[in-house]
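1. quick one, what's the 3D model for this:
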Amino acid sequence: MKRLLFPHTAIEPALAEALKATLGPVVLLHPLPDAVDDQTRQLAQAQQIELVFPCPSDARSLTASLTAYRQWASQHGGRDLASLMGHGEGIPFFDVDAPSRIAAQIKSGKTEPTAGTTAERLRRARLLLMLAQELDTSRRDLVADFQRLEAQERRMLEALRGGDETEPDPIAATGPSAASPPLHMPGVRLGAWAQLALAAEDFWAGDQDTLFLTADAEILDQVADQAAAEPLLQRQGLSAVSEQFKAWLAAPQGRAPLAEVAPANPTLYLTLVRLPGLRRREWLRRLVGTSSNRGSDPGRGAGANGLLIGLAAVG
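-> Here you go, the predicted structure:
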């Protein structure tokens, strides 16, 4: 069974470690090889995770597009990354004529019509995912800075009170993912990621079962609200996974065969729901907003059990 993290393009080391120790290395789809953040790249090099690039051939063009978009956005909404993401489908499609079109747009004060071809929508989606990654990284670093500052203040207060200055660092105790900020604009990011996933034809070759995992509770809620989701597990602690549990994941019927959780650092906590009767492609098209099927789609590739969607966390 494949394990795919969505709609993230980066992962915290503690979560990557816990997933590999229990379920196996998780796969991240990424829009551009040159835009992988250092932390995620190191995890991939250490084989803690696997990175897949559905569209690797136009790296130089997409990088140039991102630079041009930043220049365009600085004229419209400032340099704040959250503001840039807010343009959503209004991200212009860049080509060799981009500079003259951008200049004309700024001069006229009019918004460029949204491009509508599949290639153009995919390009916009990849740009948005890259901006989202930069926003996540900057917010994660800001949270880490605040955590370090708070830890220093606690140690100073303990020293002034005559406490033990050698007590464990509270940051090390809580772990890097304990205070991770929630995703910005989760619905827009879901649609962008789904477009990238639809383009990953090589990854889906063989049509194997897939466990879709997210690290954000709001994402799981949104996905579950879009279909009649069936709860399977609720924040179940896993320190190891048996062959019986792996077999249950392939065809979950009845109660999950879970072993008693042994002490582990970190421990993976898994919440799992099933979207019955849905094929993978139909679900992704729903996320993109291009599905014409309002009901279930139990055709080839869906299996008897539909899709498995999980929330993964460490503690």
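2. what is the rounded mean pLDDT of the longest helix anywhere in the chain?
-> Ranked by residue count, the top helix of the chain under DSSP state H comes out as helix 118-160. Helix 118-160 carries an average pLDDT of 76.
3. other SSEs contacting that helix?
-> Using 3 or more CB pairs under 8 Å, 6 or more residues apart in numbering; DSSP states H and E, the elements in contact with helix 118-160 are helix 59-76, helix 81-85, helix 170-174, helix 186-198. Using the backbone N, CA and C atoms, a C-beta is placed for each residue, glycine as well.
4. so which elements touch the last one?
-> This means helix 186-198. strand 26-29, helix 118-160, helix 217-225, helix 280-288.
5. tell me which residues in that helix are buried?
-> 186, 188-198 (16 or more other CB atoms under 10 Å).
6. any idea which helix or strand comes after it?
-> Next helix or strand after helix 186-198 toward the C-terminus (DSSP states H and E): strand 210-214.
7. low pLDDT regions in the stretch 1-150 of the chain?
-> 69-70, 72-116, 138-147 (pLDDT under 70).
8. please apply the same query to the stretch 151-300 of the chain.
-> 163-184, 207, 259-266, 291-300.
9. go with 90
-> 151-189, 201-202, 205-209, 225-229, 236-268, 276-279, 289-300 (pLDDT under 90).
10. that older thread, quick check: which of the helices and strands packed on helix 186-198 is nearest to Phe203?
-> Phe203 lies closest to strand 26-29 among these, at 7.3 Å (CB to CB).
11. and that closest one, which strands flank it?
-> strand 2-5 (parallel), strand 49-52 (parallel) (DSSP bridges).
12. got these as TSV, with mean neighbour count columns?
-> Listed next are the strands paired with strand 26-29 as TSV, based on neighbours: other CB atoms under 10 Å:
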stretch	mean neighbour count
strand 2-5	20
strand 49-52	18
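13. reformat these as TSV; add distance to Leu29.
-> TSV is the format used below for these (distance: least, CB to CB, whole Å):
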stretch	distance to Leu29
strand 2-5	7
strand 49-52	5
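14. right, so of those strands, which gets closest to Leu211?
-> strand 2-5 (5.0 Å).
15. contacts for the closest one?
-> Contacts to strand 2-5, defined as CB atoms under 8 Å, 6 or more residues apart in numbering, come from residues 11, 19, 23-29, 49, 197, 203, 208-215, 312.
16. also stretch 51-62?
-> In contact with stretch 51-62 (CB under 8 Å, 6+ apart) are residues 27-34, 36, 40-41, 44, 122-123, 126-127, 130, 196-197, 199-203.
17. neighbours around Trp204, how many?
-> 18 (other CB atoms under 10 Å).
18. roughly how far apart are it and Val27?
-> Going from Trp204 to Val27 by CB to CB, to the nearest Å gives 11 Å.
19. common neighbours of those two, please.
-> Common neighbours of Trp204 and Val27 are not found (criterion: CB under 8 Å, 6+ apart).
20. between the helices and strands packed on helix 186-198, which one is nearest to Phe245?
-> Here strand 26-29 is closest among these (CB to CB), at 16.6 Å.
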